[in-house]
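[1] just coords:
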């Protein structure tokens, strides 16, 4: 490939790339960022939601984290894009299944992926919604993005 060819081609936007390349770009960016600082789940969830949204804003319509309440009966909204003023949701349906089994649940245009701490306890569930269907490849890539959370100890929810 000649240099002239590259000069004539405009740079490709990440949105024009296949989804596995987008996931890989998000992973590379966050790995570099997280390598330089102490890992803190609150900051990391915000950065991950932002990075995934920036890479997948089209076709995704929403992405964010649900964090288990201290009583374990509902999820509180965590970092999400676009921002929303969502209320707590009960632990039922596909999100409850992801929490209970620890397995990702790609289900049509919504995917639920559990987030584990270093003791392999699920402390949050990531949800993404899209105008196109999610598949097992999406689940595997999102799970790879959550691996650094498995080095952080999250205390189990404590009831008041």
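    Perfect, thanks for sending it. Being a predicted model, the structure only gives us computed values, none of them experimental. Residues are numbered from 1 along each chain as shown.
[2] Mind telling me what element the residue nearest the centre of the chain is part of?
    Nearest to the geometric centre of the chain sits residue 126, at 5.2 Å (CA atoms, centre = their mean). Per DSSP states H and E: residue 126 is located in strand 122-130.
[3] For that strand, give me every contacting residue.
    41, 45, 48, 52, 56, 59-68, 75, 78, 95, 98-99, 102, 109-117, 134, 142, 146, 154, 156-157 (CB atoms under 8 Å, 6 or more residues apart in numbering). Backbone N, C-alpha and C define where each C-beta goes, glycine included.
[4] moving C-terminal of the helix or strand of the chain with the lowest mean pLDDT, what's the next helix or strand?
    Ranked by mean pLDDT, DSSP states H and E, the weakest helix or strand in the chain is helix 3-8, scoring a mean of 48. Using DSSP H and E, the helix or strand that follows helix 3-8 in sequence is helix 19-35.
[5] Remind me what the helix or strand that comes right after that next one packs against, helices and strands.
    Sequence-wise, the next helix or strand downstream of helix 19-35 (DSSP H and E) is helix 41-56. Helix 41-56 is packed against helix 19-35, strand 60-68, strand 74-81, strand 122-130, helix 136-145, with contacts defined by 3 or more CB pairs under 8 Å, 6 or more residues apart in numbering; DSSP states H and E.
[6] change it to 10 Å
    On a contact count with 3 or more CB pairs under 10 Å, 6 or more residues apart in numbering; DSSP states H and E, helix 41-56 meets helix 19-35, strand 60-68, strand 74-81, strand 110-116, strand 122-130, helix 136-145.
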